[in-house]
Each structure stands twice: as C-alpha cells, then as structure tokens.
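Student: I need the structure of the sequence given here:
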Amino acid sequence: MSQPYESLQEKCRTLRLAETAKELPSLLREAEAKGWTYHEFIHEFLSHEMRCRERKNSERLMKWAEFPEALTFENFRLEEQTAIGEKQLNILKQLSWVDEYFTLIMMGPTGVGKTHLSTALGIHAIERGYQVSFISMDRLIYVLKSREYISKSKTRYNRIIKSDLIIIDDVMYMAYEPQDAHLFFQFIYEMYDKAAFILTSNKGPGEWGKFLGDTTLTTAILDRLLHRSEILTFSEEQDSIRMKYRKALFNNQGVES
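Tutor: Residues are numbered from 1 along each chain as shown. From the prediction side, this is the model:
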C-alpha cells in the first residue's frame, strides 16, 4: 500500500532525517524510473542523509574555526617555499600528527606563507572531521582573560578547548604582562596531550622569554610544546609571497601627467 510523500516525509523528520525528507520525492521518482531494488533504494536513501550531515557538519566546523580567510592548498605556492617540500607536505596532510598531539612551529618573516599553510592544514583537517580553532595570540589572551564575564569569550573558549587542532597565529608578536604570560602557560598546560598545535611566529622559541618576561615560565611552556614537535623555518631571505602576488590598483603603471 503506497503512502503519500507528505506522510513519509513527516516520518523522516520524526526520525531526524530532515535533509533526506526534503529530497524524498525525487529519490522515490528516481527509484521507480531506474527500477532500484529495496537494497539499492535504502543505500541511496541513507547515503544521501550521510552526505548532507557531513556537509552541514563541515560548514559548522568551518564557522567555529574562525579562519580569517579560507586559504587552501589549491593556491598555496609550494614551489616557492623554503620551509617545506612536497614529501613533508604530504606527510602533514595525512594528519597522523594531529592524533599524536604534535606541535608544528612555523617561524619566519611576514608574508612568506606561514598563515596560509597553517590555515590550509586546518581546513584540510576539518574536511576530514577534525574540530579546529584558529586564533591570534593577542585574541587568545583576551579570550582567556574575559571568558568568565563575557559570554562570547566563554563560547569561544569552550570551542577552543574541544578542538583537535589549535592554530595560534602571531605568537610572541609583542611583549606580554606577567599575568597574561601565566594565562598562556595555564592554557598550554591544560591542553597538553589533548590537542595538536600549530604556532606561527616571526620569533624563534629561543627569543620567547623576552616577550613573556619570565624565563622559568617560558621553559615550562616550551617543555610541553616541544615534547612532540616539528619546526618549519621560512627563510629570512625569502621574498614576501604576499607582496609578490599582490593586486595593484594601477597595475604597476607609472604616474602620467
């Protein structure tokens, strides 16, 4: 006995199959047209729901990550990098280092691709179901200081500590107050063996003590971050990729009278 589409769609919604409920009429018409067996129909029905859920989950994770830009591997200029080669990049794309709570430290001057590479790895991880957070160190310190009394900071903090991969951009960009340095240490201590990290900085770990103002605290932070780590050094001599491929308003034409 055939059931009207509306009745079947309502049952789908009751079972929380909302995405497939919308597509059910066209799925049924396709099944009739192609003579699908019961097994084939159920397979297509469930596959459609899974694809929709994966897409929505990926969209939600991208929103939560708060990347400043959706920078991917498609426009990452590997041939111009000094810090990493194709073999190393393929190893990073496997993401086993995320499961093992590794820290990647990307060091080098501004504009050479540190943020692009870290973002591309983060988006790649999201596409494979990992939860990722991207945040600058300045913003992280603000979130840590304000999470108890600002609801937006509390929400952001809760998403960060649930992440599988935490990307902290512009680490040690400026000097920090002692209380800020202690908050950063407490955060690293809390997340040690709970998440993988990517840190981008134009300062080497040996210089971080000057910005935190506490050698002992810096040593404790580095002890945890460097326990399982890889350091990618972008050459000081490397030209700024951002400037090299910038868009010019006047197309580099001289001024004409």
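Student: Show me where the stretch 151-257 of the chain dips below the pLDDT cut-off.
Tutor: Applying pLDDT under 70 to the stretch 151-257 of the chain flags residues 236-257.
Student: For it, which segments count as strands?
Tutor: Assigned strands in the stretch 151-257 of the chain, in chain order: 165-169, 196-201, 229-233 (criterion: DSSP state E, counting those that start in this stretch).
Student: Could you name the helices and strands sitting against the longest one?
Tutor: Strand 196-201 sits against helix 96-99, strand 103-107, helix 114-127, strand 165-169, with contacts defined as 3 or more Cβ pairs under 8 Å, 6 or more residues apart in numbering; DSSP states H and E. For the C-beta atoms, the positions are set from N, CA and C on the backbone; glycine is no exception.
Student: And the ones you listed: which comes nearest residue 229?
Tutor: Closest to residue 229 of these is strand 103-107 (Cβ to Cβ; 4.3 Å).
Student: Which elements pack onto that closest one?
Tutor: Against strand 103-107 (3+ Cβ pairs under 8 Å, 6+ apart) you get helix 114-127, strand 196-201, strand 229-233.
Student: tilt between the second one and strand 165-169?
Tutor: In other words, strand 196-201. 10 degrees (axes from the mean of the first three to the mean of the last three Cα atoms, to 10 degrees).
Student: now swap in the shortest one and tell me
Tutor: Our comparison of strand 229-233 with strand 165-169, counting by the same axes, to 10 degrees, yields an angle of 30 degrees.
Student: Note down every partner strand of strand 229-233 and its orientation.
Tutor: Strand 229-233 pairs in its sheet with strand 103-107 (parallel), by DSSP bridges.
Student: Now tell me what touches the partner strand from outside.
Tutor: 83, 92, 97, 114, 117-118, 121, 196-205, 225-234 (Cβ atoms under 8 Å, 6 or more residues apart in numbering).
Student: go again using 6 Å as the cut-off
Tutor: If you take Cβ atoms under 6 Å, 6 or more residues apart in numbering as the criterion, strand 103-107 is touched by 114, 197-201, 204, 225, 229-233.
Student: now swap in stretch 89-102 and tell me
Tutor: So stretch 89-102 is contacted by 125, 164-165, 193, 196, 228 (Cβ under 6 Å, 6+ apart).
Student: and of the strands of the stretch 151-257 of the chain, who's closest to residue 6?
Tutor: strand 165-169 (43.5 Å).
Student: Where is the longest helix in this protein?
Tutor: For the chain, the helix with the greatest residue count under DSSP state H is helix 38-65.
Student: could you give the angle of the following helix or strand past that one to strand 196-201?
Tutor: Sequence order places helix 86-93 as the next helix or strand after helix 38-65, per DSSP states H and E. Put simply, helix 86-93 runs at 130 degrees to strand 196-201, going by the same axes, to 10 degrees.
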